[in-house]
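# Sequence unavailable; structure follows:
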Ligand SMILES: Nc1ncnc2c1ncn2[C@@H]1O[C@H](COP(=O)(O)OP(=O)(O)OP(=O)(O)O)[C@@H](O)[C@H]1O
């Protein structure tokens with residue numbers, strides 16, 4: 001299940017005269033992945049917060065499947081959009097299964113969990129290799145396992161759009177690759193912030209490069225992750241070579 005995301009002229013700031021993101025427009029076609037990259041403070045997380053209906057825009061629109069998210073209730077949006085964020089980790093005393101089950105709440109309409117919910121939870125736990133540790137407490141898990149659980153919680157939400165803020169942060173190389181492989185199997189539309197440009201080039205159909213709260217480049221990785229754009233966005237010199245896999249490999253130098 002996947003719906004397209006349309007963002008038009010989106011601006012947000014804590015006050016009308018203090019805009020952190022300004023005039024952002026882009027489309028994410030249904031079922032595709034867009035990576036957002038940019039320097040620290042460029043506005044990536046702020047943009048995501050507007051898309052999962054946390055920051056009400058000062059101007060502009062966010063539409064999922066053609067529906068303006070601010071014309072829908074929070075519950076309706078949570079049936080469409082799931083978020084995997086840096087902040088907002090669940091209580092560490094919940095079991096892994098309880099944390100994953102929280103993803104069904106938007107579908108329950110005040111009713112207790114039903115058999116259908118349990119079936120979705122069991123399926124996703126199995127898909128994510130979490131069944132055997134389902135009774136462990138969230139607090140006892142490693143960083144990589146926690147990240148997998150948060151992704152599983154988003155998946156039981158059965159979203160049409162999933163937004164992820166740096167889901168590979170703090171993960172070792174193997175766990176980074178595992179998370180990216182899991183993402184590759186997701187049927188939803190994906191919007192993801194990443195600091196690692198090689199990961200972005202590997203997973204994204206489209207890359208949105210941000211600088212100073214604005215879109216600095218938008219398009220396929222080969223057209224956006226160029227030395228010129230990287231210099232503008234990150235203020236570094238980039239050299240791009242081709243790895244044995246055929247994917248781009250980046251190395252960086254300070255500009256003296
Ligand atoms: N509610 C807020 N009030 C005031 N300033 C804010 C608010 N939210 C974010 N900012 C500021 O907006 C800027 C962009 O922040 P944001 O977290 O979106 O950047 P980012 O690109 O995600 O950065 P990073 O790569 O470091 O995570 C930062 O300078 C931040 O301090």
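Looks like it came in fine. Remember, it's a predicted structure, so these values are computed and weren't measured experimentally. Residues are numbered from 1 along each chain as shown.

# which residues in the stretch 51-200 of the chain form strands?
Residue ranges of the strands in the stretch 51-200 of the chain, as given by DSSP state E, counting those that start in this stretch, are 59-64, 67-68, 81-84, 161-165, 189-193.

# starting at the chain centroid, how far to the longest one?
It refers to strand 59-64. The chain centroid and the centroid of strand 59-64 are separated by 17 Å under CA atoms, centre = their mean, to the nearest Å.

# what's it packed up against?
Applying 3 or more CB pairs under 8 Å, 6 or more residues apart in numbering; DSSP states H and E, one finds that strand 59-64 makes contact with strand 5-12, strand 21-28. Yep, even glycine has a C-beta here, placed from its N, CA and C like the rest.

# nearest to the ligand, of the ones you listed?
Taking CB to the nearest ligand atom, strand 21-28 is the member of the helices and strands packed on strand 59-64 nearest to the ligand, at 7.4 Å.

# That closest one and the ligand in contact?
No. With CB under 6 Å from any ligand atom as the threshold, strand 21-28 lies outside contact range of the ligand, at a closest distance of 7.4 Å.

# Specify the beta-bridge partners of the closest residue to residue 215 other than its chain neighbours.
The spatially closest residue to residue 215, leaving aside those adjacent along the chain, is residue 24, at 5.7 Å (CB to CB, 6 or more residues apart in numbering). Taking DSSP bridges as the rule, residue 24 bridges to residue 10.

# show me the contacts for residue 24.
Under the criterion of CB atoms under 8 Å, 6 or more residues apart in numbering, the contact list for residue 24 reads 7, 9, 10, 11, 47, 60, 214, 215.

# ok, the third one to residue 204 distance?
The reference is to residue 10. 20 Å (CB to CB, to the nearest Å).

# and if you look at residue 252?
In this structure, residue 252 lies at 19 Å from residue 204, with CB to CB as the measure.

# quick revisit: now distance to residue 245 and mean pLDDT too, for the helices and strands packed on strand 59-64, in TSV please.
Conversion of the helices and strands packed on strand 59-64 to TSV gives the following (distance: least, CB to CB, whole Å; pLDDT from 0 to 100):
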stretch	distance to residue 245	mean pLDDT
strand 5-12	29	98
strand 21-28	25	98
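
# Using JSON lines, lay out those strands together with distance to residue 89.
Rendered in JSON lines, the data for those read as follows (distance: least, CB to CB, whole Å):
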{"stretch": "strand 5-12", "distance to residue 89": "24"}
{"stretch": "strand 21-28", "distance to residue 89": "25"}
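
# Nearest to residue 39, out of the ones you listed?
Go through those one by one with CB to CB and the one that ends up closest to residue 39 is strand 21-28, at 14.0 Å.

# Report the buried residues of that closest one.
Judged by neighbour count using 16 or more other CB atoms under 10 Å, the buried positions of strand 21-28 are 21, 22, 24, 26, 28.

# which of those residues sit farthest apart?
Greatest spatial distance in those: 22 and 28, 19.5 Å, computed using CB to CB.

# Which among the strands of the stretch 51-200 of the chain is found nearest to the ligand?
In this view, these are compared for proximity to the ligand by CB to the nearest ligand atom, and strand 189-193 is the closest at 6.5 Å.

# Quick one: low-confidence residue ranges for the stretch 51-200 of the chain.
Residues of the stretch 51-200 of the chain that meet the criterion pLDDT under 70 lie in 87-88, 110, 112-113.
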